[in-house]
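In: I'd like to go over a predicted model; first the sequence, then the structure.
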Amino acid sequence: MATEAATHGDEGGLVFHPMDQFIVKPLFGDAGDPVHWYTITNVTLWMAVAVLAIFALMVLGTSGRARVPNKVQSIAEMAYGFIYKMVEDVAGKDALSFFPYIFTLFMFIVFANFLGLIPMSFTTTSHFAVSIVLALAVFLTVTIVGFAKNGAKFLGLFWVTSAPLALRPVLAVIELISYFVRPVSHSIRLAGNLMAGHAVIKVFAGFAALAVVSPISILAITAMYGLEILVAFIQAYVFTILTCVYLKDALHPSH
């Protein structure tokens, strides 16, 4: 998350660009160089940092597996138990075979979100290219599992048997549209909330350059930063629990 102060424009006014912190830049070469699919960028770097942080917590931190766990092992066990219970409660016991995938999703998103709160870092999950890939992976997994487990009965997800017969075709169209909109809403909810919060903090940081409103700006930044810590966890939780809900629909498609 960028924290540069505002600069003064040609006419003496403040000029700051809150969206600059989301620009994808190559790590090597000039900042203006084109970014290709194979280019190592700031996004690549912070995604790798997130993966290494997860490895450090879940593998290195639990390598001792003490009967009386240390702090790191306790955090890892709490995260494991939290998501395990979520999958079991929301999607059912027959969804526990998908627990490793859902747990990996949660850990990656929550670590990427929190790493994005470090000054001068990059919030990878604020980019739609990242969140859409995560959402599409969930969408394809759920759809394939639905047809593989239920066959044509999976289409019962779109046929609301509890509704009057005359309304069922209309509701089927609505349900179908709603189903294919899932990856869009799933990804925009994650990226949009993170992007908005970081942009607001950058705006307040820009006004901190004005002596008159500097104390107010600092208080606003502190309050927003505290809120963003909460949002970082909540958005990872929401993405994960929606994944569980979608998985439940795939395993039990009938209304």
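Out: In hand now; what should we look at?
In: Verify the contact between Gly156 and Pro253 for me.
Out: Yes - using CB atoms under 8 Å, Gly156 is in contact with Pro253, at 5.0 Å. For the C-beta atoms, the positions are set from N, CA and C on the backbone; glycine is no exception.
In: These two - which one has more neighbours?
Out: Between Gly156 and Pro253, counting by other CB atoms under 10 Å, Pro253 is the more crowded of the two (18 against 15).
In: The more buried one should be in a helix, yeah?
Out: No - with DSSP: H, G, I helix; E, B strand; the rest coil as the criterion, Pro253 is coil rather than part of a helix.
In: what residues are up against it?
Out: Residues counted as contacts of Pro253 (CB atoms under 8 Å, 6 or more residues apart in numbering) are Gly146, Asn150, Lys153, Phe154, Leu155, Gly156, Leu157.
In: Report how many residues lie close to the last one.
Out: Leu157: 19 surrounding residues under other CB under 10 Å.
In: got it, and the third one?
Out: Counted by other CB under 10 Å, the residues lying close to Lys153 total 12.
In: Equivalent analysis for the fifth one, please.
Out: The burial count assigned to Leu155 is 14, neighbours taken as other CB under 10 Å.
In: Against Leu190, how distant is it?
Out: Leu155 sits 28 Å away from Leu190, going by CB to CB, to the nearest Å.
In: And for the second one?
Out: Here the distance between Asn150 and Leu190 works out to 28 Å (CB to CB).
In: swap in the first one?
Out: Here the distance between Gly146 and Leu190 works out to 23 Å (CB to CB).
In: Off-centre distance for the lengthiest helix in the chain?
Out: When the chain is parsed with DSSP state H, its longest helix is helix 168-207. Centroid separation for helix 168-207 versus its chain: 11 Å, with CA atoms, centre = their mean, to the nearest Å.
In: List the contacts of the closest residue in space to Ala172 that isn't next to it in sequence.
Out: Leaving out its chain neighbours, the residue that sits closest to Ala172 by CB to CB, 6 or more residues apart in numbering is Phe158, at 4.8 Å. Contact analysis of Phe158 by CB under 8 Å, 6+ apart lists Ala172, Glu175, Leu176, Tyr179.
In: Among those residues, find me the one that's closest to Ser63.
Out: For the contacts of Phe158, the closest approach to Ser63 (CB to CB) belongs to Tyr179, at 42.5 Å.
In: State the number of residues packed around the closest one.
Out: So Tyr179, with other CB under 10 Å, has 16 neighbours.
In: That one against Leu157, yeah?
Out: Yes - under the criterion of CB under 8 Å, Tyr179 makes contact with Leu157 at 7.2 Å.
In: re earlier: filter the contacts of Phe158 down to the buried ones.
Out: Buried members of the contacts of Phe158, counted by 16 or more other CB atoms under 10 Å: Ala172, Tyr179.
In: Could you dump the contacts of Phe158 into a markdown table with pLDDT added?
Out: Shown next, in a markdown table, are those (pLDDT from 0 to 100):
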| residue | pLDDT |
| --- | --- |
| Ala172 | 91 |
| Glu175 | 90 |
| Leu176 | 92 |
| Tyr179 | 93 |
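In: from the contacts of Phe158, which is closest to Val87?
Out: Distance to Val87 across these (CB to CB) is lowest for Tyr179, with 21.0 Å.
In: how far away is the closest one from Ile241?
Out: Applying CB to CB, the value for Tyr179 to Ile241 is 18 Å.
In: what do you get for Ala163?
Out: Going from Ala163 to Ile241 by CB to CB gives 26 Å.
In: So between those two, which is more surrounded?
Out: Neighbours were counted for Ala163 and for Ile241 using other CB under 10 Å; Ile241 has more, 18 against 13.
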